[in-house]
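Peer 1: give me the fold of what follows.
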Amino acid sequence: MPEPFTVDARVRMWDAALGAVRKTLGRLGYREVTTPTRQRVPIPEPYIEPLPAPPGYLVTSPEQGLKRLLGAGAGPIFEVARVFRAGERGDRHREEFHLVEWYRPGGALVDLQAEVVELAGHVFEAVAPTVAEAGRTPPPVPRAPVRRVDVLDALARAVGAPLRGNESAADLVAVVRRGRADLRAAVEGAVSGFASLTAPGADLAAWTALFSWWADGTLEGSAPPRGVVHLVRFPGQLAALARTEWVQDRYVAHRFETAVDGVEIANGYDEERSADALGARFEAVHGLRAALDLPPLPPADEVARAVAGIGPTVGVAFGLDRAIMLAAGTGSLDEVGLHVVASPPS
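Peer 2: I've put the predicted structure just below:
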């Protein structure tokens with residue numbers, strides 16, 4: 001087992017990676033901004049728990065602040081933000097971590113996907129000299145070409161039946177009952193576990209369970225795909241803050257996730273611009289939170305109007321900590337983190 005990275009090595013890796021981020025995004029035409037770390041009302045998201053910081057909450061993403069700037073005419077912008085999510089602990093999760101988030105008015109998702117790959121490549125290249133100096137072999141730099149996986153098609157193959165992407169929880173349960181036992185347990189458990197949950201919260205719970213079951217087995221299983229994979233064409237029921245559209249007979253969300261060697265590092269949207277659509281999705285999340293006995297969040301009507309007040313825009317969030325972890329050839333954020341904890345007095 002190689003020796004742990006020294007604090008000096010970690011500092012040099014982070015310094016190089018941050019420099020690569022700013023150089024890359026600046027060259028691509030984005031301007032760096034900062035937005036508040038605390039907000040009065042968070043964007044409600046399923047299974048992401050904000051940390052209270054009275055009279056508001058610490059940000060789980062800089063998205064709300066950046067979209068308020070976009071709505072005021074800021075143009076292409078990015079932020080290297082410290083974000084906070086309660087209860088996220090593990091080799092690849094922290095309650096406090098860094099998101100690089102950028103938005104391009106009038107852009108296209110396919111361009112963002114290319115930018116994610118380019119940025120990841122430059123982070124790997126920036127970190128590689130320090131990794132080599134530590135006596136380790138730097139991992140291969142992520143590059144194009146990449147694999148693209150149509151999520152709705154993949155889910156249909158997994159359940160063994162066609163899916164439109166707008167099925168209700170009851171429809172989805174009926175479909176998966178004909179499939180594998182572990183799949184039935186995942187989706188039926190998500191629905192039956194919340195007896196009081198009504199649509200659209202139940203629909204969100206069922207589709208989230210199906211996607212998580214598939215992603216855990218495909219991306220994080222015993223043999224995760226190597227290299228870069230873009231997950232595209234999500235079912236519309238998993239749109240989050242992305243624009244939805246009927247494409248022939250399929251209800252799809254214009255969003256993507258990018259994984260490198262099976263680890264998710266980015267999540268991008270063609271941004272939804274209807275406050276009514278976002279408000280309905282937020283209400284579904286509030287219902288799901290209530291069924292999970294989570295603390296209620298403030299009503300998000302004003303947030304829906306604020307984040308919808310932009311023109312056609314694409315945006316993406318990139319997990320910097322995970323990118324540095326992968327670039328260092330490690331499997332744990334602890335191995336590259338800068339959290340130096342002093343020993344308590346005996």
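
Peer 1: what is the burial count for Val232?
Peer 2: 22 (other CB atoms under 10 Å). For the C-beta atoms, the positions are set from N, CA and C on the backbone; glycine is no exception.

Peer 1: check the one 10 residues further on too.
Peer 2: For Ala242, the tally of surrounding residues (other CB under 10 Å) stands at 24.

Peer 1: kindly report the same for Glu133.
Peer 2: Glu133, neighbours per other CB under 10 Å, totals 10.

Peer 1: quick check: Gly29 touching Phe78?
Peer 2: No: Gly29 is beyond contact range of Phe78, at 10.0 Å (criterion: CB atoms under 8 Å).

Peer 1: which one's more surrounded, these two?
Peer 2: Phe78 (25 against 10).

Peer 1: okay but the more buried one is in contact with Val100, surely?
Peer 2: Yes: counting by CB under 8 Å, Phe78 touches Val100, with 6.6 Å between them.

Peer 1: enumerate every residue touching Tyr103.
Peer 2: Listed by CB atoms under 8 Å, 6 or more residues apart in numbering, the contact set of Tyr103 reads 66-67, 70, 76-78, 271, 313-315.

Peer 1: nearest to Pro200, of those?
Peer 2: Nearest to Pro200 out of the contacts of Tyr103 is Glu271 (CB to CB; 20.0 Å).

Peer 1: and the residue lying closest to that closest one once chain neighbours are set aside, how far from Gly106?
Peer 2: The shortest distance from Glu271 to any non-neighbouring residue, by CB to CB, 6 or more residues apart in numbering, is to Thr313 (4.7 Å). To Gly106, Thr313 is 7 Å away according to CB to CB, to the nearest Å.

Peer 1: when the two are compared, which one has more neighbours?
Peer 2: Neighbour tally, Thr313 and Gly106, criterion other CB under 10 Å: the higher count belongs to Thr313, 21 against 9.

Peer 1: pLDDT at the more buried one, what is it?
Peer 2: pLDDT for Thr313: 98.

Peer 1: the spatially most central residue of the chain: helix or strand, and which one exactly?
Peer 2: With distances taken as CA atoms, centre = their mean, Asn267 lies nearest the centre of the chain, 4.2 Å away. In this structure, Asn267 sits in strand 263-270 according to DSSP states H and E.

Peer 1: now do that strand: which elements does it pack against?
Peer 2: helix 109-133, strand 250-260, strand 313-319, helix 320-327 (3 or more CB pairs under 8 Å, 6 or more residues apart in numbering; DSSP states H and E).

Peer 1: give me the below-cutoff pLDDT ranges for the stretch 151-300 of the chain.
Peer 2: 193-196, 220-223 (pLDDT under 70).

Peer 1: the strands in it, which residues?
Peer 2: Ranges of strands in the stretch 151-300 of the chain, per DSSP state E, counting those that start in this stretch, are 228-235, 244-247, 250-260, 263-270.

Peer 1: which residue ranges of the stretch 101-250 of the chain form helices?
Peer 2: Taking DSSP state H, counting those that start in this stretch, the helices of the stretch 101-250 of the chain run over residues 109-133, 151-159, 169-176, 181-192, 201-218.

Peer 1: export the ones you listed as JSON lines, with columns for distance to Gly262.
Peer 2: Output for these, formatted as JSON lines (distance: least, CB to CB, whole Å):
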{"stretch": "helix 109-133", "distance to Gly262": "14"}
{"stretch": "helix 151-159", "distance to Gly262": "15"}
{"stretch": "helix 169-176", "distance to Gly262": "24"}
{"stretch": "helix 181-192", "distance to Gly262": "19"}
{"stretch": "helix 201-218", "distance to Gly262": "9"}
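
Peer 1: who's the residue nearest to the centre of the chain bridged to?
Peer 2: Glu257, Ala317 (DSSP bridges).

Peer 1: can you name the two of the contacts of Tyr103 that sit furthest apart?
Peer 2: Going by CB to CB, the pair spanning these furthest: Phe78 and Glu271, at 15.0 Å.

Peer 1: so how many other residues sit close to Thr37?
Peer 2: 15.

Peer 1: that older thread, wait, which of the helices of the stretch 101-250 of the chain is closest to Gln237?
Peer 2: That would be helix 201-218 among those, by CB to CB, at 4.3 Å.

Peer 1: that closest one packs against which elements?
Peer 2: Against helix 201-218 (3+ CB pairs under 8 Å, 6+ apart) you get helix 151-159, helix 169-176, helix 181-192, strand 228-235, helix 275-291.
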